[in-house]
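Enquirer: fold the following.
(one chain, ligands or ions: 2)
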Amino acid sequence: MAISMTELWTQIGSFMATIMFVWAIIQQYFPYQLLGHMEKYVNKLTGFLYPYITITFPEYTGERLRRSEAFIAIRNYLGSRSNIRAKRLRAEAVKDRKSLVLCMDDNEEVIDEFEGVKIWWTSRKSTPKTQTISYHPSSDEKRSYNLTFHRRNRDIILGSFINHIMEEGKVVELKNRQRKLYMNNSNNDWWHKSNWRHVPFEHPAKFRTLAMDPKKKQEIINDLVKFKNGKEYYEKVGKAWKRGYLLYGPPGTGKSTMIAAMANFMEYDVYDLELTSVKDNTELKKLLIEISNRSIIVIEDIDCSLDLTGQRKKKKTEEEEGTEEKIKDPVKEAEKEEKKQSKVTLSGLLNFIDGIWSACGGERLIIFTTNHKEKLDEALIRRGRMDKHIEMCYCGFEAFKVLAMNYLDVEWDDSYEKIRELLKETEMTPADVAENLMPKYEGEKTEECLKRLVEALESAKEEGEKKKAEEGAKKAEKEKKEESS
Ligand SMILES: Nc1ncnc2c1ncn2[C@@H]1O[C@H](COP(=O)(O)OP(=O)(O)OP(=O)(O)O)[C@@H](O)[C@H]1O
Ligand SMILES: [Mg+2]
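Expert: Ligands and ions are numbered 1, 2, ... in the order given. Predicted coordinates:
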């Protein structure tokens, strides 16, 4: 039967008090030289009577009183264990967490077990008796967790249990945190502390709802799982723990949706890097070192941000295009021009991806998207930089079935055979298929949505055939002209 720590303490406490009392009397009457020997035996006796070790984990540590990582990990660990049931719990609202955190209330005690070893956890709170004036009334309260175990289990506890708590605590923290979507700050004013601004990341895309060939989808999921569990592997092969993905394909085939699904699957933050507003390579490096671990760095439409020589394309803005006639202030114009002409080069970007600085952090995915893979520099997309190239294509039958389940909740319909054939003969993006499947008013029937899609596919097929015929005619005419000349 489990003995409560409080009972144990009371019994041992009275024993200890007796020993200490006897020891105090002895100290008064025995010669000084003998006392040294006796102290050794008294310590042995105390150790024999109280064979437990207690480790304290205070909430705040260091001179600047930062919240201890170990304390937070223990709080998460204890809160997540179903076999540990505290009688009294405390609810805390923690910054960047999706929900309230429930943890053991002050001065509670629970029993835990690890590899057959019994462990006692107690939560303590102490408030100093002297009153001090503080902006934060509760800042004087000192909380801690105490971990008590038998000294024969010292190796297990210190060797593996403490690491185990730290890891479990971190996993719980990651699971419950509010993930963020970051964008780079083009205003580098002194009052902006960071080069990134963020909002909560709440995109609903999942791999389950992503319309694509199931085999290809599974392959991507396996790749991501392997990456996530690959810490030791990357260490072993001496490679920074990061992986590059190139997503390419026509507009509306799901590249951005795929990124959101990946972020949700991996439970990573997303850093959406807008290259056109980065001033130069140095600023790019600064952005890089501020990126946290377990994140996805995204550069969308990479072909529009850099040209093949590595020089930036000037961003076309409305002012640039339509206000030539207006009277211009030359100083302001020069300033504007300077802002527009950022000097990030291809080599700066290559260094960003896998230069020496890119290894200052781990567990990161870098994703580029493009509609024109052929326009990209070979160096930029070679394996090692962009390790996996994923083509997002026009809607096939398998992808259609996923969309039909998403939008209409139907697994099979008589029209499916026809749709299968039409999808083979047309090039329609999943975005267009989804738009046709989506009910247009409350209560629109499934058959009506499917009929709309069939009609859209038929007219797309007709248009495609017409286009092909026109192209064929043009080609024939050109050949004829060449022959006659
Ligand atoms: N494969 C897909 N699976 C599920 N939904 C999709 C898919 N492709 C497109 N969609 C739908 O179409 C919309 C547009 O898709 P998305 O923005 O992901 O395309 P994209 O490939 O990033 O296009 P672009 O090249 O123009 O950026 C999405 O909001 C989504 O609803
Ligand atoms: Mg996109």
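
Enquirer: now do the same contact list for residue 433.
Expert: 211, 395, 399-400, 403, 453 (CB atoms under 8 Å, 6 or more residues apart in numbering). Bear in mind the C-beta positions are built from the backbone N, C-alpha and C, glycine included.

Enquirer: sketch out the low-pLDDT regions of the stretch 201-350 of the chain for me.
Expert: 306-342 (pLDDT under 70).

Enquirer: still on that earlier bit, from the contacts of residue 433, which is closest to ligand 2?
Expert: residue 211 (14.7 Å; CB to the ion).

Enquirer: what residues does this structure put near ligand 2?
Expert: 255-256 (CB under 5 Å from the ion).

Enquirer: any idea how far the residue nearest to the spatial centre of the chain lies from ligand 2?
Expert: Note on the chain: the residue nearest the mean C-alpha position is residue 268, at 1.4 Å, using CA atoms, centre = their mean. Per CB to the ion, to the nearest Å, residue 268 is found 18 Å from ligand 2.

Enquirer: also residue 203?
Expert: With CB to the ion as the criterion, residue 203 and ligand 2 are 12 Å apart.

Enquirer: which residues sit in contact with that residue?
Expert: Neighbours of residue 203 in contact, by CB under 8 Å, 6+ apart: 181, 260, 263-264.

Enquirer: just send these back as a markdown table, with distance to ligand 1, neighbour count and secondary structure too.
Expert: As requested, the contacts of residue 203 are exported to a markdown table (distance: CB to the nearest ligand atom, whole Å; neighbours: other CB atoms under 10 Å; DSSP: H, G, I helix; E, B strand; the rest coil):
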| residue | distance to ligand 1 | neighbour count | secondary structure |
| --- | --- | --- | --- |
| 181 | 15 | 19 | strand |
| 260 | 8 | 21 | helix |
| 263 | 13 | 22 | helix |
| 264 | 13 | 18 | helix |
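
Enquirer: now stretch 425-432, how far from the centre of its chain.
Expert: Distance of stretch 425-432 from the chain centroid (CA atoms, centre = their mean, to the nearest Å) equals 32 Å.

Enquirer: that stretch and ligand 1 in contact?
Expert: Yes - using CB under 6 Å from any ligand atom, stretch 425-432 reaches ligand 1 at 430-431.

Enquirer: what does that stretch rub up against?
Expert: By CB under 8 Å, 6+ apart, stretch 425-432 touches 211-212, 250-254, 394-395, 399, 403, 456-457, 460-461, 464.

Enquirer: which residue sits closest to residue 292, ignoring its sequence neighbours?
Expert: residue 269 (6.3 Å; CB to CB, 6 or more residues apart in numbering).

Enquirer: okay, the one you found and residue 117: tell me how far apart.
Expert: For residue 269, the distance to residue 117 (CB to CB, to the nearest Å) stands at 37 Å.

Enquirer: now residue 280
Expert: In terms of CB to CB, residue 280 sits 57 Å off from residue 117.

Enquirer: then residue 213?
Expert: 50 Å.

Enquirer: how about the helices in the stretch 201-350 of the chain?
Expert: 214-228, 231-237, 255-266, 281-289, 302-305, 318-322, 330-340, 346-354 (DSSP state H, counting those that start in this stretch).

Enquirer: format those as CSV; extra columns: distance to residue 52.
Expert: Converted to CSV, the helices of the stretch 201-350 of the chain look like this (distance: least, CB to CB, whole Å):
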stretch, distance to residue 52
helix 214-228, 39
helix 231-237, 35
helix 255-266, 42
helix 281-289, 46
helix 302-305, 61
helix 318-322, 74
helix 330-340, 66
helix 346-354, 52
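
Enquirer: so which of the ones you listed gets nearest residue 274?
Expert: Residue 274 sits nearest to helix 302-305 of all these, at 8.2 Å, using CB to CB.

Enquirer: only the buried residues of that closest one, if you could.
Expert: For helix 302-305, burial by neighbour count (16 or more other CB atoms under 10 Å) applies to 302-303, 305.

Enquirer: swap in stretch 260-278?
Expert: Using 16+ other CB under 10 Å as the test for burial, stretch 260-278 gives 260-266, 268-273, 275-278.

Enquirer: span of it from start to end?
Expert: 23 Å (CA to CA, to the nearest Å).

Enquirer: tell me the residues of this structure that contact ligand 1?
Expert: Checking the chain against ligand 1 by CB under 6 Å from any ligand atom, the hits are 210-212, 251-257, 371, 392, 430-431, 434.

Enquirer: now, of these, which are buried?
Expert: Of these, these count as buried by 16+ other CB under 10 Å: 210-212, 252-257, 371, 392, 430-431, 434.

Enquirer: of all these, which comes closest to ligand 2?
Expert: Of these, the one sitting nearest to ligand 2 (CB to the ion) turns out to be residue 256, at 3.3 Å.

Enquirer: got the contact list for that closest one?
Expert: 300, 369.

Enquirer: ditto for residue 206
Expert: Residue 206 touches 261, 264-265, counting by CB under 8 Å, 6+ apart.

Enquirer: re earlier: among the helices of the stretch 201-350 of the chain, which is nearest residue 442?
Expert: Residue 442 lies closest, by CB to CB, to one member of these: helix 255-266, at 25.6 Å.

Enquirer: now do the closest one: distance to the chain's middle.
Expert: Counting by CA atoms, centre = their mean, helix 255-266 comes out at 11 Å from the chain centroid.

Enquirer: for whatever residue of the chain ends up closest to ligand 1, list the residues it contacts.
Expert: Here the chain gets closest to ligand 1 at one residue, residue 254, 2.7 Å apart by CB to the nearest ligand atom. Applying CB under 8 Å, 6+ apart to residue 254 gives the contacts 210-212, 392, 430-431.

Enquirer: at 10 Å what do you get?
Expert: Contact analysis of residue 254 by CB atoms under 10 Å, 6 or more residues apart in numbering lists 205, 210-212, 247, 260-261, 392-393, 395, 399, 429-431, 434.

Enquirer: cool, and residue 110?
Expert: Under the criterion of CB under 10 Å, 6+ apart, the neighbours of residue 110 are 5, 78, 81, 83-87, 104, 119-123.

Enquirer: and it, that's in a strand?
Expert: Yes - judged by DSSP: H, G, I helix; E, B strand; the rest coil, residue 110 forms part of a strand.

Enquirer: how many neighbours does residue 145 have?
Expert: Residue 145: 24 surrounding residues under other CB atoms under 10 Å.

Enquirer: gap between it and residue 172?
Expert: Residue 145 is 15 Å from residue 172, by CB to CB.

Enquirer: one more: residue 384?
Expert: For residue 384 relative to residue 172 (CB to CB), the value is 34 Å.

Enquirer: with residue 282 instead?
Expert: 38 Å.

Enquirer: ok, the two, which is more surrounded?
Expert: residue 172 (20 against 12).

Enquirer: and the gap between residue 58 and residue 158?
Expert: 18 Å.

Enquirer: same question, residue 468
Expert: The gap separating residue 468 from residue 158 is 74 Å, by CB to CB.

Enquirer: comparing these two, which residue is more hemmed in?
Expert: residue 158 (13 against 10).

Enquirer: got a list of what the more buried one touches?
Expert: 53, 55, 149.
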